[in-house]
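In: build the 3D model from these lines:
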Amino acid sequence: MPFSELFDGGFKKRNRDHFASIVRVAMDDGVISDDEKAFLDRLARNLGINVEDYKTILKDYKSHPINPPSSYDERLERLYDLARMFKVDHHIRGDYEEAMLSRISVGLGFHKDNVKYIVDKALNLVGDGVDLDTFVHEMKNMNR
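Out: Numbers count the residues shown, from 1 in each chain. Modelled structure (predicted):
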């Protein structure tokens, strides 16, 4: 069996579902801008989303569940991707957008009691232009 086949199934499904969550954020205003499209294209490549799946997800993104990652680092990586989408969308501080990101964050496994603080911190870090490693480090150390 080729090595790539070891990651079929669950791994690819999680990536598709994660990608669909980000498409939800991009489609919040009903339109995908050029910047959002470029971001989605890069993310699709990084997640191994093929062209067929990409088109299917764009048409039917709401049918994909938000599957929470089992590790905290993976949750933070997904939150980073979502927060970056908000930055690209130029609507980082809108009440509706923050509420949507909060709902998706709870779906990713963050506790609803502190999700507002987590989302605010994530959006501030991404707004400051930090990279993924810095984001994860700062998010893990935000209560210290």
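In: so how many other residues sit close to residue 135?
Out: Residue 135: 21 surrounding residues under other C-beta atoms under 10 Å. C-beta coordinates here come from the backbone N, C-alpha and C atoms, glycine included.
In: centroid residue for this structure?
Out: In the chain, the residue lying closest to the centroid (C-alpha atoms, centre = their mean) is residue 82, at 3.3 Å.
In: give me the element it is part of.
Out: Assigned by DSSP states H and E, residue 82 falls within helix 72-89.
In: and the angle from the lowest-mean-pLDDT helix or strand in the chain to helix 72-89?
Out: Lowest by mean pLDDT, DSSP states H and E among the helices and strands of the chain is helix 95-108, with a mean of 79. With axes from the mean of the first three to the mean of the last three C-alpha atoms, to 10 degrees applied, the angle from helix 95-108 to helix 72-89 works out at 160 degrees.
In: contacts for helix 95-108, please.
Out: Here helix 95-108 makes contact (C-beta atoms under 8 Å, 6 or more residues apart in numbering) with 21, 24-25, 28, 66, 68-69, 75, 78-79, 82-83, 86, 89, 91, 112, 115-116, 118-119, 123.
In: same thing but 10 Å
Out: Residues outside helix 95-108 that contact it (C-beta atoms under 10 Å, 6 or more residues apart in numbering) are 18, 21-22, 24-25, 28-29, 65-69, 74-79, 82-83, 85-86, 89, 91-92, 94, 110-113, 115-116, 118-120, 122-123.
In: put the buried members of those residues into a ChimeraX selection.
Out: The following ChimeraX line selects those of those that are buried, judged by 16 or more other C-beta atoms under 10 Å:
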select :18,21,22,24,25,28,66,67,69,75,76,77,78,79,82,83,85,86,89,92,110,115,118,119,122,123
